[in-house]
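Engineer: Here is my input, please return the structure:
(2 chains)
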There are 2 protein chains.
Amino acid sequence: MKQLLIASSSSIHGSGYLEYLQPALEVFFKGVKNILFLPYARPQGISFDAYTEIAQQGFDFMGIKVTGIHSFDDPILAIEKAEAVFVGGGNTFVLVATLYQKGLMTPLKEAIEAGLLFLGTSAGSNICGPTMQTTNDMPIVDPASLKTLGSIPFNINAHYLDPDPTATHRGESRGTRIQEFHVFNELAVLGLREGSWLQVTGNSIVLKGKHRAVLLQKGKDRIECSSETDFSFLR
Amino acid sequence: MKQLLIASSSSIHGSGYLEYLQPALEVFFKGVKNILFLPYARPQGISFDAYTEIAQQGFDFMGIKVTGIHSFDDPILAIEKAEAVFVGGGNTFVLVATLYQKGLMTPLKEAIEAGLLFLGTSAGSNICGPTMQTTNDMPIVDPASLKTLGSIPFNINAHYLDPDPTATHRGESRGTRIQEFHVFNELAVLGLREGSWLQVTGNSIVLKGKHRAVLLQKGKDRIECSSETDFSFLR
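Structural biologist: Down below sits the predicted model:
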């Protein structure tokens, strides 16, 4: 049975790394001793070691040992043997390019299907949908493909931001960008505000956290969805 | 001799389409009767016809006729025969994907080298550097390549935005995104604030408009560059 936590962000304003997620992590990772960490998204270009250390700090409160996948000779085997996986945020293009370069996209997808506990934040959540095409990130590298895990049947827009009605800047709003996505694509997109996450348990995909999420579908009005909404109807 | 106007945006707050650029356009397009318009970036997914109509309105003040490239049977021939080209803004991925699909990237690059007058705004400016990898846009389609015209020797970041010191949002700032670009790439990046443009005349690449631009180079401190700076030293 699939079990994923898909979080908009690793932290929220005024709170430490993973801190707002602690109550959910305690339940989700109950009994887990070891988490395999994928540091490939490299926020601010930090090293795999430095990023793994940050992830470890996020799990110290539960006494879970976090190990970076880069410390294994065979990363595919590491995924196959893992109790649980955490894919951290950063640049989604860098993350996806690295997953393809190392041949990990399919093994990770299959392990998740088989019940591997999966936590994603930000870029690590963007890869849970069928494509990474609703990322906010800059294409600083060029991945082999924009297709991703497809562990949920719709795309994620992490760090979803409402338009600022007082803005004088002429760059596109998040909503406009996703509207443009729907000119060329059919997939539904869920805009997850910071502090929100999805809890996937088998076929159920439930919104958690105190915020609403924005469901954007081709040719339909946007829908503000309350916490506890189950998005399994989108499959 | 190369002649380009590379503008951060097609409009600025409180002003109409191309309005802030009118004095520069009057000089740059003096004597021009016809402009070939490339509507491929399709802002908000609008049609080629609708976008060409907007572009036409932007040149009515000079009495120049704007024709969309989609109205020609042979777009390569249309570029080869054009007096001047305007590539409008929208989604850079859509623009670049279309230029490759139609086999236009190389003919356009060569025509510019041979002296074709070129105006780009926003996405149309992002394609003037060696790659589109410092776009702010969403990868709603997957172009054949992220390589672009290379008519100037550095990348553009259009609609450059300074970080908001009061922001509570945890998404990356523009500066952080470009810092991450430099972990993987050597190219210099020029952040053009809205209301700024570059005037390229042969080898000279001069910043115009009242704002400063931000020069971001790998391993160096950011530099705020005044209007009238010539960036030809970057080649």
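
Engineer: switch to C-alpha atoms for all contacts and neighbour counts from now on
Structural biologist: Fine.

Engineer: show me what contacts residue A:128?
Structural biologist: If you count contacts by CA atoms under 8 Å, 6 or more residues apart in numbering or on different chains, residue A:128 has them with A:6, A:120, A:148, A:149, A:150, A:151, A:152, A:155, A:156.

Engineer: Buried only: go through those for me.
Structural biologist: Buried subset of those (neighbour count, 16 or more other CA atoms under 10 Å in any protein chain shown): A:6, A:120, A:148, A:149, A:151, A:152, A:155, A:156.

Engineer: Please verify my assumption that the second one contacts residue A:3.
Structural biologist: Pointing back at residue A:120 there. No - the pair residue A:120 / residue A:3 is not scored as a contact, 11.4 Å apart, by CA atoms under 8 Å.

Engineer: how about the helix or strand of chain A with the lowest mean pLDDT, does it get close to chain B?
Structural biologist: None of the helices or strands of chain A scores lower by mean pLDDT, DSSP states H and E than helix A:174-184, at a mean of 94. Yes - Helix A:174-184 lies within reach of chain B by CA under 8 Å from any CA of the partner chain, at A:176, A:177, A:179, A:180, A:181, A:183, A:184.

Engineer: which helices and strands does that helix pack with?
Structural biologist: Helices and strands touching helix A:174-184, as assessed by 3 or more CA pairs under 8 Å, 6 or more residues apart in numbering or on different chains; DSSP states H and E, are absent.

Engineer: Helix or strand next in line after it, which one?
Structural biologist: strand A:189-191 (DSSP states H and E).

Engineer: Mind checking what helix or strand follows that following strand in sequence?
Structural biologist: Remark: after strand A:189-191, the chain's next helix or strand is strand A:197-201, criterion DSSP H and E.

Engineer: Start from the N-terminal end of chain A and give the strands.
Structural biologist: Using DSSP state E, the strands assigned to chain A run over residues A:3-7, A:34-38, A:65-68, A:84-87, A:117-121, A:155-157, A:189-191, A:197-201, A:204-208, A:213-216, A:223-225.

Engineer: Give me the contact list for stretch A:202-210.
Structural biologist: Contact with stretch A:202-210 is made by A:1-3, A:152, A:195-200, A:213, A:226-232, as judged by CA under 8 Å, 6+ apart.

Engineer: So what's the gap between it and the chain middle?
Structural biologist: A distance of 14 Å separates the C-alpha centroid of stretch A:202-210 from that of its chain, computed with CA atoms, centre = their mean, to the nearest Å.

Engineer: Between the two ends of it, how far is it?
Structural biologist: From its first residue to its last, stretch A:202-210 covers 23 Å (CA to CA, to the nearest Å).

Engineer: Also stretch A:111-121?
Structural biologist: Terminal residues of stretch A:111-121 are spaced 18 Å apart (CA to CA).

Engineer: Can you tell me which residues in chain A are near chain B?
Structural biologist: Proximity of chain A to chain B, by CA under 8 Å from any CA, involves residues A:9, A:11-13, A:43-45, A:133-142, A:146, A:159, A:168-171, A:176-177, A:179-181, A:183-185, A:194.

Engineer: Just the helices from chain A, written as ranges.
Structural biologist: Taking DSSP state H as the test, the helices found in chain A are A:22-28, A:48-59, A:75-81, A:92-101, A:105-113, A:123-126, A:174-184.

Engineer: Out of those helices, the one nearest residue B:83 is which?
Structural biologist: helix A:174-184 (31.1 Å; CA to CA).

Engineer: what's the nearest residue to the most centrally placed residue in chain A if we skip its chain neighbours?
Structural biologist: Centroid-nearest residue in chain A: residue A:125, 0.9 Å away (criterion: CA atoms, centre = their mean). Closest residue to residue A:125 apart from its sequence neighbours, by CA to CA, 6 or more residues apart in numbering or on different chains: residue A:6 at 5.1 Å.

Engineer: who touches stretch A:111-124?
Structural biologist: Outside stretch A:111-124, the residues that reach it (CA under 8 Å, 6+ apart) are A:1-10, A:29, A:41, A:79-80, A:82-92, A:95, A:125, A:128, A:135, A:151, A:158-159.

Engineer: Recalculate using a threshold of 7 Å.
Structural biologist: With CA atoms under 7 Å, 6 or more residues apart in numbering or on different chains as the test, stretch A:111-124 has contacts from A:1-10, A:41, A:80, A:83-92, A:158.

Engineer: Please apply the same query to stretch A:34-46.
Structural biologist: With CA under 7 Å, 6+ apart, stretch A:34-46 has contacts from A:48, A:51-52, A:64-69, A:82-92, A:94-95, A:98, A:123, B:176, B:179-180, B:183.

Engineer: need the contact list for residue A:105.
Structural biologist: Contacts of residue A:105 by CA under 7 Å, 6+ apart are A:99, A:149.

Engineer: how near is it to chain B?
Structural biologist: Residue A:105 sits 18 Å away from chain B, going by CA to the nearest CA, to the nearest Å.

Engineer: Quick check, pLDDT for that residue.
Structural biologist: On pLDDT, residue A:105 comes in at 98.
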